[in-house]
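# what's the 3D shape of this:
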Amino acid sequence: MRSRLDWSKARVGAEPRPCVLCGKPALMRSPDRDVPCHKTCAEQWLDQHKQ
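Prediction:
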């Protein structure tokens, strides 16, 4: 089952910074930790690390 995250409270940074998961430029900041991250990268990480 594919994870779906609610990023409605995420913010957009002023300039792209490397995604903490893939390293590619990301404007979005994660809503819980405020770090640069793509929503799709976060969902894939969750799917891979479910127990």
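# I'd assumed His38 was in contact with Leu21.
Yes. Here Leu21 reaches His38: they are 7.2 Å apart, a contact under CB atoms under 8 Å. All C-beta atoms are positioned from the backbone trio N, CA, C, and that covers glycine.
# count the neighbours of Cys41 for me.
Neighbour count of Cys41, defined by other CB atoms under 10 Å: 19.
# wait, isn't it in contact with Leu21?
Yes. Contact criterion CB under 8 Å: Cys41 and Leu21 qualify, at 4.0 Å.
# in the protein, where is pLDDT below threshold?
1, 51 (pLDDT under 70).
# how about a cut-off of 90?
1-10, 13, 31-34, 49-51 (pLDDT under 90).
# who's in contact with the top strand by length along it?
Taking DSSP state E as the criterion, the chain has its longest strand at strand 11-18. Under the contact criterion CB atoms under 8 Å, 6 or more residues apart in numbering, strand 11-18 has outside partners 24-29, 31, 34, 36.
# just the buried members of the residues you listed?
In the contacts of strand 11-18, burial by neighbour count holds for 26, 28-29, 31, 36, counting by 16 or more other CB atoms under 10 Å.
# wait, which of these is closest to Lys9?
Among the buried ones among the contacts of strand 11-18, Pro31 lies closest to Lys9 (CB to CB), at 4.5 Å.
# mind checking what secondary structure the closest one has?
Following DSSP: H, G, I helix; E, B strand; the rest coil, we place Pro31 in the coil state.
# I figured it hits Ala10, correct?
Yes. Contact status for Pro31 versus Ala10: in contact at 4.3 Å, counting by CB under 8 Å.
# what residues are shared contacts of the two?
What both Pro31 and Ala10 touch, as defined by CB under 8 Å, 6+ apart, is an empty set.
# helix, strand, or coil at Trp45?
helix.
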